[in-house]
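Enquirer: Pasting the sequence and the predicted model now:
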Amino acid sequence: MFEHRQEEMEKMMKENEEFLRIYNRHQELDKRVTAAEVGTAPMEDLALNKLKKEKLMAKDKLARILDMAGA
């Protein structure tokens, strides 16, 4: 995620508690989605889609924070 902005990400994780909280939530959601998709933690499609939406919203928030910090 945001491979081209790795330095910015690391700086924000050190300096911005909200960014770090959202980043950690995104990572947790990513692990849960991956586990569901590979079958190690099966779940219904509706629940999986909800997790995917939440993960995408977290990613969008992270992108907005990065964009605002870089502006």
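Expert: It's in. Numbering: from 1, shown residues only.

Enquirer: Which neighbouring elements make contact with the helix or strand where Leu56 lies?
Expert: Element membership of Leu56 [criterion: DSSP states H and E] is helix 45-70. Judged by 3 or more C-beta pairs under 8 Å, 6 or more residues apart in numbering; DSSP states H and E, helix 45-70 is in contact with helix 6-15, helix 17-38. In short, each C-beta sits where N, CA and C put it, glycine included.

Enquirer: Taking helix 17-38 as reference, get the angle to the shortest one.
Expert: On the basis of axes from the mean of the first three to the mean of the last three C-alpha atoms, to 10 degrees, helix 6-15 is oriented at 120 degrees to helix 17-38.

Enquirer: Show me what helix 6-15 packs onto, helices and strands only.
Expert: Under the contact definition 3+ C-beta pairs under 8 Å, 6+ apart, helix 6-15 sits against helix 17-38, helix 45-70.
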